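K.L.:
No letters, just coordinates:
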């Protein structure tokens, strides 16, 4: 019997695929002498013909679902415009704070307090910040 036929019979006996069946290269003559299923069973018992262990199945890595239907919460809460908008607002307010300090319109004693208010999101924009400073009489006249 050919090696291919022995493999096919061994696969049928063990209940596995033909690709998992291996033959011992040293005993190929013995394998080809086999004539019946019983002979193939004996070769399996001896270890001349054996099956490889099953390979682990590969599972596609599941990606998070981001469609509109699976979203709960506002856009801002999901970071779709919330953080980036906040960064733009804070950066412009901090630049404005530096301009006021360099221009001499704001005393240095107030810098830290205003900076922390900006960080805390107390102002909606530069106009609100300016209004707060004017209301609390923190702004000085421009020094020329």
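P.N.:
Thanks, I have the structure now. Note that this is a predicted model, so its numbers are computed, not measured. Numbers count the residues shown, from 1 in each chain.
K.L.:
which residues touch residue 117?
P.N.:
For residue 117, the contact set (C-beta atoms under 8 Å, 6 or more residues apart in numbering) comprises 123, 132. (C-beta placed from N, C-alpha, C; glycine too.)
K.L.:
would it count as being in a helix?
P.N.:
Yes: counting by DSSP: H, G, I helix; E, B strand; the rest coil, residue 117 is part of a helix.
K.L.:
Look at it and report its pLDDT.
P.N.:
At residue 117, the predicted lDDT confidence score is 96.
K.L.:
quick one: it from residue 125, how far?
P.N.:
Using C-beta to C-beta, to the nearest Å, we find residue 117 at a distance of 13 Å from residue 125.
K.L.:
now residue 81
P.N.:
16 Å.
K.L.:
do the same with residue 24
P.N.:
With C-beta to C-beta as the criterion, residue 24 and residue 125 are 80 Å apart.
K.L.:
Equivalent analysis for residue 39, please.
P.N.:
Taken as C-beta to C-beta, the span from residue 39 to residue 125 is 89 Å.
K.L.:
Counting neighbours, go ahead and name the busier of those two.
P.N.:
Ranked by neighbour count (other C-beta atoms under 10 Å), residue 39 and residue 125 place residue 39 first, with 16 against 12.
K.L.:
downstream neighbour of the helix or strand where that one lies in the secondary structure list?
P.N.:
For residue 39, the host element (DSSP states H and E) is helix 37-46. Once helix 37-46 ends, the next helix or strand along the chain (criterion: DSSP H and E) is strand 49-51.
K.L.:
Output the contacting helices and strands for the next helix-or-strand element following that following strand.
P.N.:
Following strand 49-51 in sequence order, the next helix or strand is helix 82-103 (DSSP H and E). Using 3 or more C-beta pairs under 8 Å, 6 or more residues apart in numbering; DSSP states H and E as the contact test, the elements touching helix 82-103 are helix 111-120, helix 126-135.
K.L.:
what's the most centrally placed residue in the chain sitting at in phi/psi?
P.N.:
Nearest to the geometric centre of the chain sits residue 63, at 7.8 Å (C-alpha atoms, centre = their mean). Dihedral pair for residue 63: phi -90, psi 150, per degrees, to the nearest 10.
K.L.:
what's the burial count for the closest residue to residue 78 other than its chain neighbours?
P.N.:
Once flanking residues are discounted, residue 78 sits nearest to residue 71: 6.5 Å by C-beta to C-beta, 6 or more residues apart in numbering. Using other C-beta under 10 Å, residue 71 has 13 other residues around it.
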